[in-house]
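Asks: Provided below for reference: sequence and predicted model.
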2 protein chains.
Amino acid sequence: MSTQGKVSLPVIKRLPKYYRYLTNLAADGKDKVSSSELAHMMGTTASQVRQDFNCFGGFGQQGIGYKVDVLLEEIGRLLFGSGELLPTILIGAGRLGNAVSSFIARDTNGYRLLAAFDINPELVGHQMSGVTIRPLDELESFCLENKPAVAVLCVPRQSAVDLSDELVRLGIQGFWNFSHYDLSVAHPEVTVENVHLGDSLMSLGYRLRNQDS
Amino acid sequence: MSTQGKVSLPVIKRLPKYYRYLTNLAADGKDKVSSSELAHMMGTTASQVRQDFNCFGGFGQQGIGYKVDVLLEEIGRLLFGSGELLPTILIGAGRLGNAVSSFIARDTNGYRLLAAFDINPELVGHQMSGVTIRPLDELESFCLENKPAVAVLCVPRQSAVDLSDELVRLGIQGFWNFSHYDLSVAHPEVTVENVHLGDSLMSLGYRLRNQDS
């Protein structure tokens, strides 16, 4: 089942959540699930669930619900393709890079960590999530040889500005971007997933200071 | 300038981004900015910018643009109130907890880290981002005495399930939640900001595998 046209970002962002809930349901031995049960778990409405699934052809709801194994397989295929892992490098092996490298190294997420890079000579040569931290000046030769498709940026804003042109030139197609440089504005041709932790904290603060819930 | 009614979550989530851009503009010595300049930086439209600002009374656009210092001050007041820091605890002092604690400890984000907790005796007693890691069984007495308002959850899903009732009972009003437990479903009365790093990676994978950009 392939996607019909371009699926909107909010729908795409809900797919992993569906996948997590369905994995739990399957582990509990549940065969079928209704759109309203799923909606309750997701904190949304049954109509939203059906709308989301219709973006992908509907996933064959019959009678009172969806088959859990069919949903898991279809959504899994959307998220992970046929199972090939995306070759990935990480830049910036400080505290944050160290923490997020474990998410890349976990192959259930669909990625394979090839190498990490840092400019700090004290970090170079150490192991992190199963790979060696290399000096940043090996970036170009490494990419030419190993052809990573994804780069994780755990560097300050200015380093991200300085590096992004080169990374795109070296063939990087997707960024998991923890820096405060919104590189999709300069590079609309690549796919960028931003995780702005500072922004996330500030919007939590706004909601706590200004709203009731 | 106070908010008129309930502001939608997407607008709230854009406020920190406006704040970052305006901080950069002010640092560059810029006095005025138009909605279309802001829109270009944000990767959105001028009409979206004006709509967002209208949720807060408009921020007094005059003629060709907004005053950068006025915008910064107004948005800063929305995000940080009158400057009081939100007292915060962190639970789970592993690699991820260690990395995110630095965002809490950075008082420009509007929080004050009071303590960290972990069940791992090897971590207890160590320092992390300026606080001591305490054993989890001190959680209740610590909260009763120090009245934290925010909890950061860097623990596995099941621990988050086990802890969340107690934390809400102990007066926690806001959660920065890195666990895969969607606690806002069980606790609609608290404010939850989820950071699901695995979900973020999976949706990046979807976009790389299924779409053109």
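Replies: Happy to help now that I have it.
Asks: so A:L114 is in which element?
Replies: strand A:111-118 (DSSP states H and E).
Asks: who's in contact with that strand?
Replies: Residues from elsewhere that reach strand A:111-118 (CB atoms under 8 Å, 6 or more residues apart in numbering or on different chains): A:85-94, A:97, A:101, A:104-105, A:124, A:128-136, A:138-139, A:142, A:146, A:148, A:150, B:201, B:205. For the C-beta atoms, the positions are set from N, CA and C on the backbone; glycine is no exception.
Asks: just the buried residues of these.
Replies: A:85-86, A:88-93, A:97, A:101, A:104-105, A:124, A:128-129, A:131, A:133-134, A:136, A:139, A:142, A:148, A:150, B:201, B:205 (16 or more other CB atoms under 10 Å in any protein chain shown).
Asks: which parts of stretch A:68-83 are buried?
Replies: Under 16+ other CB under 10 Å, the buried positions of stretch A:68-83 are A:68, A:70-72, A:74-81.
Asks: actually, stretch A:109-122.
Replies: A:109-118.
Asks: ok so A:Y66 is a helix residue?
Replies: No: using DSSP: H, G, I helix; E, B strand; the rest coil, the assignment for A:Y66 is strand, not a helix.
Asks: okay, and the helix or strand of chain A with the least pLDDT?
Replies: helix A:183-186 (a mean of 84; mean pLDDT, DSSP states H and E).
Asks: any weak-confidence spans in chain A?
Replies: A:1-5, A:61-63, A:211-213 (pLDDT under 70).
Asks: change it to 90
Replies: A:1-10, A:24, A:40-44, A:54-65, A:82-83, A:106-108, A:180-186, A:210-213 (pLDDT under 90).
Asks: for burial, what's the neighbour tally of A:G198?
Replies: Using other CB atoms under 10 Å in any protein chain shown, A:G198 has 17 other residues around it.
Asks: re the thing from before, just the buried ones among the contacts of strand A:111-118: which are in helices?
Replies: Judged by DSSP state H, these include A:97, A:101, A:104-105, A:139, A:142, B:201, B:205 as members of helices.
Asks: list the buried ones in the longest helix anywhere in chain A?
Replies: When chain A is parsed with DSSP H, its longest helix is helix A:9-27. Using 16+ other CB under 10 Å as the test for burial, helix A:9-27 gives A:11-22, A:25.
Asks: what's next to the helix or strand that A:H40 is a member of, contact-wise?
Replies: Assessed by DSSP H and E, A:H40 sits inside helix A:35-42. Contacting residues not belonging to helix A:35-42 are listed as A:14, A:17-18, A:21, A:45-50, A:53, A:61, A:65-66, B:182, B:185 [CB under 8 Å, 6+ apart].
Asks: out of the residues you listed, which one sits closest to B:H196?
Replies: Checking those against B:H196 with CB to CB, the nearest one is A:K17 at 7.5 Å.
Asks: show me what contacts that closest one?
Replies: A:42, B:182, B:196, B:199 are the contacts of A:K17 under CB under 8 Å, 6+ apart.
Asks: export the residues you listed to a markdown table and tack on neighbour count?
Replies: Formatted as a markdown table, the contacts of A:K17 follow (neighbours: other CB atoms under 10 Å in any protein chain shown):
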| residue | neighbour count |
| --- | --- |
| A:M42 | 18 |
| B:D182 | 20 |
| B:H196 | 19 |
| B:D199 | 20 |
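Asks: A:F56: what secondary structure?
Replies: Here A:F56 is recorded as coil under three-state DSSP.
Asks: make that A:G29, sorry
Replies: coil.
Asks: for it, what are phi and psi?
Replies: Dihedral angles of A:G29 (phi, psi; degrees, to the nearest 10) stand at phi 80, psi 20.
Asks: burial measure for it, as a count.
Replies: 7.
Asks: distance of it relative to A:Y18?
Replies: Distance, A:G29 to A:Y18, by CB to CB, to the nearest Å: 19 Å.
Asks: near chain B at all, stretch A:120-130?
Replies: No: judged by CB under 8 Å from any CB of the partner chain, stretch A:120-130 stays clear of chain B, getting no closer than 9.3 Å.
Asks: got the contact list for that stretch?
Replies: A:93-94, A:97-98, A:101-102, A:104-105, A:113, A:116, A:118, A:132-135.
Asks: and chain A, what are its domains?
Replies: A:9-80, A:86-199 (automatic domain parsing).
Asks: that older thread, got CSV for the contacts of A:K17, with distance to B:D165 too?
Replies: Converted to CSV, these look like this (distance: CB to CB, whole Å):
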residue, distance to B:D165
A:M42, 21
B:D182, 15
B:H196, 21
B:D199, 24
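Asks: what comes into contact with stretch A:157-165?
Replies: A:91-92, A:153, A:155, A:175, A:177, A:179-181, A:183, A:186-187.
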